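J.: attaching a predicted model along with its sequence, questions to come.
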Amino acid sequence: MPRKSPLSGEVLAALHRVLRRGLPATPQAVDPVLLGLRGVLARAVDPADDGSRTAALDGVLRGVLARFPDVRYAVAARALFGLPPAEAGQNLTARRDVAAAAAGHEVHHFRKRIEPRLVEHVAWALLADADRFTRSRVMAPRLAPAGERQAVPADPFAWEVTEHEEALVRVWSAVYALRAELLAVERLVSLDVDRGQIINRIVTAAWRWALASTTITAYIAAFTTPDTEPDPIAGDRSTGDQGQAELVALAGWTPPMTASEQARLCAAAAGDATRGEFIAALHDEVELGNTWITAFLTPAKPQPARQEAS
Amino acid sequence: MTTTNRAKPGGTSALTAALDAASAGGPRRYVITGGPSSGKDDLIEAILAAGIPCMEAEPGREIYRKHRERLGRHLLREDRHEYSLEVLQAFISEYSAHKRGIRFYNRGIPDGYGWERFFGLGPTPQLEEASRLYRYDTIFVLDPLDTFEDPDDIVWAKDREIRRVHELIVQGYYDAGYEPVFIAPDSAAGRLDFICTNLRLPKLTRDR
């Protein structure tokens, strides 16, 4: 499935092909460039099916034309694409006649001067719509000072959306908290401070690792789609093809662990356990503790010099 | 100068007369929909204040609260179909209970398409069937009041999602075979006037 944003020229050319037949859009008359627009994929009931994507494109175009912002030419734009006052099935010449009359222009002037502008505007609106559905790869939400209170409308959609942002922020909060501990550990190791002080930090890092892992797992279970194929509609809701392990690894290096060891660490942090509760839960896990702690205390191998890209 | 005529049930205003006349005929059902922050609640309030029959509260809210309370946690993927089926049933009951005259609906059955799509779920057979069987006369889509952009051109993740919800709701109505009427951002009174004009009902506000 296409991921790259098409160029405006490609969309414009494809839209001219739709214009020849007018709406409703049919699979035969629609260019793959339009079917690959993110806004189209997002609306399709089955994004893998051309027919479904064509139906979605038809809806997007009708929506764009229904909300055409230039009042003087709104009716003309709709007629040009076969919506009332024109009729579905009319050829382009007939639709253009209706559109020119609606705009109050002589038809040749309309075809040469006005029509290209109208089609261009629709192409621009399609690209703007696609931009709204841009699927961002995993990244921490951008923050900015809030000028006013951010009230949440009493609406199930709004509640869901807000809870999603809450969960997403908690994920990144946990990942950054782990990052801070991992940086602190490496700094203390480098400073060669008292061993007990370093181990204390290493244990805190384990607790943070487990909290981040459980937070990410909960987020993925609640908010992402199960498909292995990156979901074009998921937008910020998706972790893309990155699972819990890849996300937590963004915080920095941690000792290699077996799946069983990871599961035991996570279990100890379940229910947002405090550091004390976490340590108590792992009281008998001497071997696991050693695996985690020893790996940090072992001197790191010097990094090979990075090769410059040729 | 603009004045507001408030039609009251049983009153004698032009609107009341039009509503009375409509109540002698078959049911006419109009949906008010749109994403969060579209001004839907204000418009519904204005419709009710004008004495026009209207579904006051969107049933999804209470059902959502009930599900949250029962589950004691956030709705997961597997819970959302169950929730949407319960909401669908409530919408069908509301639809079927109306027998004569004009009635506005706070969202409609095809809003379910937007909900399912938002969570990457396919529409249920029940939703598809209900969308075929229970048809509304006109769909009014309220375009968002907020551009969701602050002076620094930052769009919050939540706000971007809200805009996506809106577009998915609109697509649901196209999928269900409707041609929605879009209502641009305006005051609730202005939007109600637009609706009245569209439905050939007397306006609530008049210039003198």
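T.: Sure thing, it's come through. Numbers count the residues shown, from 1 in each chain, chains lettered A, B, ... in the order given.

J.: residues in contact with A:Pro153?
T.: Contact partners of A:Pro153, counting by CB atoms under 8 Å, 6 or more residues apart in numbering or on different chains, are B:Pro36, B:Ser37, B:Asp41. C-beta: built from backbone N, CA, C; applies to glycine.

J.: how far away is it from B:Pro53?
T.: 24 Å (CB to CB, to the nearest Å).

J.: same thing with A:Gly243?
T.: Applying CB to CB to A:Gly243 and B:Pro53 gives a distance of 51 Å.

J.: buried stuff in stretch B:74-85?
T.: Within stretch B:74-85, the residues that qualify as buried are B:His74, B:Leu75, B:Asp79, B:Arg80, B:His81, B:Tyr83, B:Ser84, counting by 16 or more other CB atoms under 10 Å in any protein chain shown.

J.: which of the residues you listed fall within helices?
T.: Judged by DSSP state H, the subset of the buried residues of stretch B:74-85 located in helices is B:Asp79, B:Arg80, B:His81, B:Tyr83, B:Ser84.

J.: in space, what's closest to the second one - neighbours in sequence excluded?
T.: Yep, that's B:Arg80 we're talking about. B:Phe119 (5.4 Å; CB to CB, 6 or more residues apart in numbering or on different chains).

J.: shouldn't B:Phe176 be in contact with B:Asp111?
T.: One thing to correct before we go on: residue B:176 is Ala, not Phe. No: B:Ala176 is beyond contact range of B:Asp111, at 9.8 Å (criterion: CB atoms under 8 Å).

J.: out of the two, which sits in the more crowded spot?
T.: B:Asp111 (29 against 22; other CB atoms under 10 Å in any protein chain shown).

J.: work out for me the element A:Val189 sits within.
T.: helix A:156-191 (DSSP states H and E).

J.: check A:Val18 too.
T.: Here A:Val18 is assigned to helix A:8-21, by DSSP H and E.

J.: other SSEs contacting that helix?
T.: helix A:32-35, helix A:92-103, helix A:115-132 (3 or more CB pairs under 8 Å, 6 or more residues apart in numbering or on different chains; DSSP states H and E).

J.: looking at these, spot the one closest to chain B.
T.: helix A:115-132 (5.7 Å; CB to the nearest CB).

J.: please work out the average pLDDT along that closest one.
T.: Helix A:115-132 carries an average pLDDT of 91.

J.: buried residues of that helix, list them for me.
T.: A:Glu115, A:Leu118, A:Val119, A:His121, A:Val122, A:Ala123, A:Ala125, A:Leu126, A:Leu127, A:Asp129, A:Ala130, A:Arg132.

J.: residues in contact with A:Arg187?
T.: A:Arg187 neighbours (CB under 8 Å, 6+ apart): none.

J.: from A:Ala177, how far out is it?
T.: Per CB to CB, A:Arg187 is found 16 Å from A:Ala177.

J.: over to A:Arg201?
T.: Where A:Ala177 is concerned, A:Arg201 sits at a distance of 13 Å (CB to CB).

J.: B:Phe182 belongs to a strand?
T.: Yes: under DSSP: H, G, I helix; E, B strand; the rest coil, B:Phe182 falls within a strand.

J.: counting neighbours, what do you get for it?
T.: Neighbourhood size, B:Phe182 [other CB under 10 Å]: 15.

J.: can you tell me how far it is from chain A?
T.: Computed as CB to the nearest CB, to the nearest Å, the B:Phe182 to chain A distance reads 5 Å.

J.: beta partners for that residue?
T.: Here B:Phe182 sits in beta bridges with B:Val141, going by DSSP bridges.

J.: read off the pLDDT value for it.
T.: So B:Phe182 comes in at 94 (pLDDT).

J.: and if you look at the one 4 residues further on?
T.: Each residue has a pLDDT score; the one for B:Asp186 is 92.

J.: which residue does the stretch 1-150 of chain A bring closest to chain B?
T.: Closest point on the stretch 1-150 of chain A to chain B, by CB to the nearest CB, is A:Gly59, at 3.3 Å.

J.: that residue: neighbour count?
T.: Around A:Gly59 there are 25 residues (other CB under 10 Å).

J.: rewinding a little: neighbour count: A:Gly243 and B:Pro53, which is higher?
T.: B:Pro53 (17 against 14).

J.: residues contacting that one?
T.: With contact taken as CB under 8 Å, 6+ apart, B:Pro53 is in contact with B:Leu19, B:Gly101, B:Ile102, B:Arg103, B:Phe104.

J.: what residue of chain A is the furthest out?
T.: Largest separation from the mean C-alpha position in chain A: A:Glu106, at 46.2 Å (CA atoms, centre = their mean).

J.: quickly note the distance from that residue to A:Ile114.
T.: A:Glu106 is 10 Å from A:Ile114, by CB to CB.

J.: go on, B:Lys40?
T.: Taken as CB to CB, the span from B:Lys40 to A:Ile114 is 36 Å.
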